[in-house]
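1. Sequence below, structure please.
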Amino acid sequence: MTLFYRRLPKFDYVEPHTLDEALQVLGTHREKVKLLAGGTDLVIQLKSREIVIPEYILNLKSVPGLSSTVTFNPQSGLTIGALATISSVAESADAQQYFPALVQAALSMASPQIRNRGTFVGNICNAVPSADSAPALLALKAMVRIKSLAGEKTVPINEFFTGFRKTVLQPDEMVLDINVPTPPPGSRSVYLKLSPRHSMDLAVVGVAAWGIMNSGICQDVTIALGAVAPTPVRAPLAEAMLKGKKITPELIEEASQNAVTQQLQRQSKRVSQEYRYDMVRVMTKRALMQVLIGG
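-> Predicted coordinates:
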């Protein structure tokens, strides 16, 4: 049984004045540092001693060069800054128009108070399998921009997660922003979440789908699953069954059943494996019906 400690452990609090200063702290102290943006996950982890207690907490809230906005450009897509809150994604008119799956994912996270504080980038950096942002970002083929003192790099979101609570981020790196490319006209996206109390609980299953149709033929489709494996995953075999095919409810049913085979073995005390298998099929079918048929 895990004991819950009400007091925070001791650490040194660092508030850098520039991005270079923040990166210098990371580069110097590396694994001894934890980054603080929204803090909605970190504070709980510190109090409950779920993580190795860091020597330094690096506050990013007031660092110039780290954006707290959600911006859109038709050519470059939607850019979610490192400090942009979950609420700012949900409330973005551009996200609502072009990226409904992202908005649905944002609205399915926690309470309004948490969404007003927590960051969208922090949700992926925490790297839990049930993170609601991850399937939507996977389905929409997002890119993650990462920076260290050595320079910048951009990583596709499908390469970002490497294991349970693990990412490609090195100890001296931080995420600058997430970019989601503008979808082609006529495409649709959706995120569906199954949980006992919707936003107030972790997802039992999360399914995101994106697709574009032309005269009843599926031109392209992506399917992403959350809470079913150590990392969020795509369902490429199910996608392949639909691409270039005339879409019928029967084909969607078959593809949804195939999506179950994308799961890795992830045990959970919250639900049985059999129940999760059934719900992957049901939720994937619902998502594909909305994206490819509109029902």
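
2. Which strand or helix spans the most centrally placed residue in the chain?
-> Centroid check for the chain by CA atoms, centre = their mean gives residue 134 as the closest residue, at 2.3 Å. Taking DSSP states H and E as the criterion, residue 134 maps to helix 133-139.

3. what does that helix contact?
-> 86, 99, 101-102, 104-106, 109, 120, 123-124, 157-158, 161, 178, 180, 189, 191, 206-210, 222-226, 232-234 (CB atoms under 8 Å, 6 or more residues apart in numbering). C-beta coordinates here come from the backbone N, C-alpha and C atoms, glycine included.

4. thinking again about what came up before, with residue 123 as the reference, measure out to the residue nearest to the centre of the chain.
-> 8 Å (CB to CB, to the nearest Å).

5. Find the residues that touch each one of those two.
-> Joint contacts of residue 134 and residue 123 (CB under 8 Å, 6+ apart) do not exist.

6. returning to what we had before: excluding its backbone neighbours, what's nearest the residue nearest to the centre of the chain?
-> residue 232 (3.8 Å; CB to CB, 6 or more residues apart in numbering).

7. correct me, but that neighbour touches residue 224?
-> Yes - at 6.2 Å, residue 232 counts as touching residue 224 under the criterion of CB atoms under 8 Å.

8. helices or strands next to the helix or strand harbouring residue 96 in the packing?
-> Assessed by DSSP H and E, residue 96 sits inside helix 93-98. Applying 3 or more CB pairs under 8 Å, 6 or more residues apart in numbering; DSSP states H and E, we find helix 93-98 packed against strand 70-73, strand 77-81, helix 100-107.

9. Need the ones you listed in a markdown table (columns: mean pLDDT).
-> Shown next, in a markdown table, are those (pLDDT from 0 to 100):
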| stretch | mean pLDDT |
| --- | --- |
| strand 70-73 | 98 |
| strand 77-81 | 98 |
| helix 100-107 | 97 |
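
10. Reformat the ones you listed as TSV; add mean neighbour count and distance to residue 285.
-> Formatted as TSV, the helices and strands packed on helix 93-98 follow (neighbours: other CB atoms under 10 Å; distance: least, CB to CB, whole Å):
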stretch	mean neighbour count	distance to residue 285
strand 70-73	17	31
strand 77-81	23	28
helix 100-107	24	16
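
11. Using CSV, please lay out these together with distance to residue 287.
-> As requested, the helices and strands packed on helix 93-98 are exported to CSV (distance: least, CB to CB, whole Å):
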stretch, distance to residue 287
strand 70-73, 24
strand 77-81, 20
helix 100-107, 9
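
12. Indicate which one of the ones you listed is closest to residue 172.
-> strand 77-81 (20.4 Å; CB to CB).
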